[in-house]
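# Quick one, what's the 3D model for this:
(one chain, ligands or ions: 1)
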Amino acid sequence: MKVLVTGGTGFIGSHTVVELLQAGHEPVILDNLYNSSIGVLDRLETITGVRVPFYQVDLLDKEGLKKVFDENDFDAVIHFAGYKAVGESVAKPLVYYENNITGSLNLYRAMKEHGVSRIVFSSSATVYGGDFESPLKEEFGTGTTTNPYGTTKLFNERILTDLAAADQELSAVLLRYFNPIGAHPSGLIGEMPNGIPNNLLPYIAKVATGQLPYLSVFGDDYDTPDGTGVRDYIHVVDLARAHVAALSYAEGHTGAEVINIGTGNGYSVLEILHAYEKACGHEIPYKICPRRPGDIAVCYADPSKAKELLGFSTVYGVEEMCRDSYRFTKENPEGIL
Ligand code: WQD
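Model prediction:
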């Protein structure tokens, strides 16, 4: 299928483009390069041998978006494009709602006007809020999001669900990610957060490569085996492959379907840190600090629906996630320019 990948030069988007090509699809990337770099296209060509068509377009640019759809007969869309920093969303809610909601509405409008009726949407476990005990199931309620970023994910899920209810042709697969980490085993693409990382793995990676002095462990007094926060970390290549499976599902079904994409296993901050020490071959300094506001103790997926509906299950473990993350960060200390 010819697939528009919005946000396709980003962390998860770029890994998904690799897997789409390897599955025989024809991806086209749309990205405004706000949180990624044009150099990713060269890396994708090195990995796959394909120069993926690229449009530097912002989803708020309706004319630019129309041109992309006019020039391509898409069979489907995979929608990653959106701002995703939780803390930044609290400080800049209007920017987040305009970019992540208005931008998405422009995309959905363009799809409708060009007869594109399949979409895989990048959602997040953050829509569950903190009201439920893990393992989290898709039928659990949502709505108690604690930040504008998570709320934009929830709103997009609701919008796509309503669009699918009104249009019998539309297929919308809404993938709720848990904690994507790692990098492509080639070391050519990976996670490149702007500035000081907010998330655990890119922060640990910068400590491991000597770019930051130590990791602040946000709390060791949670009700978990070692007191530190527990999360469901999933290798970004596994997550990318889930999108290929979701695309096949969308091709054969209509309606909206919510699916968790996680491993079903929870690892604590200290377990991840020690796994990373094995991957990099040396100790990683850390300090126990106060809890981070808004954090919950435990969050991991019930992955059974992805297995049942998509025939998908994860392959990589924490060892490979840390190994691949370290390789990419060591070989690209300044990211991809
Ligand atoms: C993981 C654990 C922290 C940094 C967020 C978003 C979620 C999704 C994934 C997009 C927690 C601890 C972290 C640090 C630490 N993003 N930690 N020191 O908060 O589970 O989820 O990213 O979809 O929407 O909410 O991920 O990596 O920030 O934190 O101790 O410097 O690591 O307390 O227990 P989180 P995270």
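# which parts of stretch 120-131 are buried?
Residues of stretch 120-131 classed as buried: 120, 121, 122, 123, 124, 125, 126, 127, 128, 129 (neighbour count, 16 or more other C-beta atoms under 10 Å). Every C-beta, even on glycine, is put in place using the N, C-alpha and C of the backbone.
# Kindly export it (C-alpha atoms) in CSV.
What follows is stretch 120-131, C-alpha atoms only, in CSV (Å, rounded to 0.1, in the frame of the first residue of the first chain):
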residue,chain,number,x,y,z
VAL,A,120,-3.4,4.1,12.1
PHE,A,121,-3.1,6.6,14.9
SER,A,122,-0.3,7.0,17.3
SER,A,123,-2.0,7.1,20.7
SER,A,124,-0.6,6.6,24.2
ALA,A,125,-1.2,4.7,27.4
THR,A,126,-1.3,8.2,29.0
VAL,A,127,-5.0,8.3,28.1
TYR,A,128,-5.7,5.8,30.9
GLY,A,129,-4.7,8.4,33.5
GLY,A,130,-3.9,7.0,36.8
ASP,A,131,-7.2,5.4,37.8
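# ok so, going back, would you mind trimming the buried residues of stretch 120-131 to those in range of the ligand?
Checking the buried residues of stretch 120-131 against the ligand by C-beta under 6 Å from any ligand atom, the ones in range are 124, 126.
# now the buried residues of stretch 120-131 in TSV, with secondary structure and pLDDT?
Formatted as TSV, the buried residues of stretch 120-131 follow (DSSP: H, G, I helix; E, B strand; the rest coil; pLDDT from 0 to 100):
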residue	secondary structure	pLDDT
120	strand	98
121	strand	98
122	strand	98
123	strand	98
124	strand	96
125	helix	95
126	helix	92
127	helix	94
128	helix	93
129	coil	84
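# Would you mind giving the buried residues of stretch 120-131 as CSV with distance to residue 153 added?
CSV is the format used below for the buried residues of stretch 120-131 (distance: C-beta to C-beta, whole Å):
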residue, distance to residue 153
120, 14
121, 9
122, 8
123, 5
124, 5
125, 9
126, 6
127, 5
128, 11
129, 11
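# Spell out which residues of the stretch 201-337 of the chain are next to the ligand.
Neighbours of the ligand within the stretch 201-337 of the chain, by C-beta under 6 Å from any ligand atom: 203, 215, 216, 217, 218, 229, 231, 269, 292, 295.
# Report how many residues lie close to the fourth one.
Around residue 217 sit 20 other residues, with neighbours defined as other C-beta atoms under 10 Å.
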